[in-house]
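Engineer: Test case, fold it:
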Amino acid sequence: MGFLKNLFGGSPRTITTEPAGLKFVVQPGQSVLEAALGQGIAFPHSCTVGTCGSCKCKLVSGKIREIANFAYVLSAEELQGGIILACQAAPRSDLILEVAGLSDRHLTPPGDFTGTVIETVDLTHDIKRVAIALDRPLAFDAGQYAHLSAEGVWGARAYSFANPPRSGGCETLTFFIRHVPGGLFTDLVFSGGLTGKTLKVHGPLGNFWLRESRAPLIAIAGGSGLAPLVSMLQDAAAGNVGRPCLVLFGARAQADLYAHEEFAALGQQWNGAFKFVPVLSDEPVNTGWAGERGLVTARIAAHAKDYAGSDAEAYLCGPPPMIDAALPLLRELGLRDDNLHFDKFLDGSHGLHRQE
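Structural biologist: Have a look, this model is predicted:
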């Protein structure tokens, strides 16, 4: 503990954020991000381990110590401009930070839970629905995720909740887990090796949640990226959120389509216009598929034009190349940067294993 106090500073430090004006305290042994999340502050973040850059902010005043070198993620221009990574910053004094997009919404602080895998169901040849029963209820916001850890498998894997939240928390969680051949965790899931086994569950985490608005909603997913969107949209439908909604789902072929019942039910329950469009990139010819073909990003302009505008919001979840390709296309349709929300499913090369 003495080493940590020397590394992070021996006294509590007060952090003030601009322009939101939120304040919180960082205790010795904590990073700026860890302290913020522990106090329910919706500080922008994704990976929490210094690889994605989502928690970058500007150091207006004060001194920090780098837990890990910022230069691995930030550009030279950002470093010279005082940009830091909140997840890798230990305050050495009180700080003033400029944090873009910081919401005053209170999120449930993450906690540690014990879970048991009680069911696995095939959705496609490489995606399973996995249900985990917890030792006590976990409260979360639709769109967030948790870290799952299995005994004998190094590291945590981050998976989005695929079920909507409930008042008082959920005692059973559902995840959509995609198989990555050679991935230690998903090999166990798909071999049945985790069924009935105990997992460590840490959460909730993430800043991917539906903002309150009446503006049109554009949701884009690829692969197992449907999980947080199912959670988010089911929660919105139950709350009678009346806003036009377009869902674009990119998959390889018909065999990779899933969650049919969920989206059929959403279409019936949704209070307003609701459109679900699957787009297949590798569907063989002459299979009878009459739907959209190609990359899902190539179909954004055609389908989203009636939902777009400066007030429209977009929520994207899935592989980084899809999200990176989609963002400029949405900007061309008039969406503002502060209305673009995304959750990139990173692999092991980015720190936490989203899909291994």
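
Engineer: And the strands in the stretch 101-250 of the chain?
Structural biologist: For the stretch 101-250 of the chain, applying DSSP state E, counting those that start in this stretch gives strands covering 103-106, 111-122, 127-138, 145-150, 157-160, 170-178, 198-205, 217-222, 245-251.

Engineer: for the first one, which positions count as buried?
Structural biologist: Meaning strand 103-106. Ser103 (16 or more other CB atoms under 10 Å). (Glycine included, C-beta is placed from N, CA and C.)

Engineer: Same question for the third one.
Structural biologist: Applying a neighbour-count criterion of 16+ other CB under 10 Å, the buried positions in strand 127-138 are Ile127, Lys128, Arg129, Val130, Ala131, Ile132, Leu134, Leu138.

Engineer: how about low-confidence regions in the stretch 1-150 of the chain?
Structural biologist: Along the stretch 1-150 of the chain, segments meeting pLDDT under 70 span 1-9.

Engineer: mind listing what's buried in stretch 231-241?
Structural biologist: Buried positions in stretch 231-241, judged by neighbour count with 16+ other CB under 10 Å: Ser231, Met232, Leu233, Gln234, Asp235, Ala236, Ala237, Val241.

Engineer: What mean pLDDT does that stretch get?
Structural biologist: For stretch 231-241, the mean pLDDT works out to 94.

Engineer: picking up where we left off before, using a markdown table, please lay out the buried residues of strand 127-138 together with distance to Ile15.
Structural biologist: A markdown table is the format used below for these (distance: CB to CB, whole Å):
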| residue | distance to Ile15 |
| --- | --- |
| Ile127 | 40 |
| Lys128 | 41 |
| Arg129 | 40 |
| Val130 | 37 |
| Ala131 | 38 |
| Ile132 | 34 |
| Leu134 | 31 |
| Leu138 | 27 |
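
Engineer: So which of these is the closest to Phe175?
Structural biologist: Taking CB to CB as the measure, Phe175 lies nearest Val130 of these, at 4.9 Å.

Engineer: That closest one and Val189 touch, don't they?
Structural biologist: Yes: using CB atoms under 8 Å, Val130 is in contact with Val189, at 6.3 Å.

Engineer: where do the contact lists of these two overlap?
Structural biologist: Jointly contacting Val130 and Val189 under the rule CB atoms under 8 Å, 6 or more residues apart in numbering are Val117, Thr120, Ile177.

Engineer: Would you map the helices across the stretch 151-300 of the chain?
Structural biologist: Per DSSP state H, counting those that start in this stretch, the stretch 151-300 of the chain carries helices over the ranges 184-191, 226-238, 260-269, 300-304.

Engineer: Show residues contacting the second one.
Structural biologist: Spelled out, that is helix 226-238. Applying CB under 8 Å, 6+ apart, the external contacts of helix 226-238 come out as 142-145, 159-165, 175-176, 208-210, 219, 221, 245, 247, 249, 258-259, 262, 266, 269-271, 315, 317, 343.

Engineer: Repeat that for the third one.
Structural biologist: Contacts with helix 260-269, where a contact means CB under 8 Å, 6+ apart, come from Val230, Leu233, Gln234, Ala237, Ala238, Val247, Phe274, Phe276.

Engineer: buried stuff in that helix?
Structural biologist: For helix 260-269, using 16+ other CB under 10 Å, the buried residues are Glu262, Phe263, Leu266.

Engineer: which one of those is nearest Pro321?
Structural biologist: Among the buried residues of helix 260-269, Phe263 lies closest to Pro321 (CB to CB), at 23.9 Å.

Engineer: where does the stretch 251-356 of the chain dip in pLDDT?
Structural biologist: When residues are selected by pLDDT under 70, those of the stretch 251-356 of the chain lie in 346-356.

Engineer: how close does the nearest residue to Gly115 once chain neighbours are set aside get to Leu22?
Structural biologist: Residue nearest to Gly115 in three dimensions, not counting chain neighbours: Ile132, with 4.1 Å by CB to CB, 6 or more residues apart in numbering. Shown here: Ile132 relative to Leu22, a distance of 33 Å by CB to CB, to the nearest Å.

Engineer: Give me the domain ranges for the protein.
Structural biologist: Domain segmentation of the chain under automatic domain parsing yields 2-106, 111-207, 217-348.
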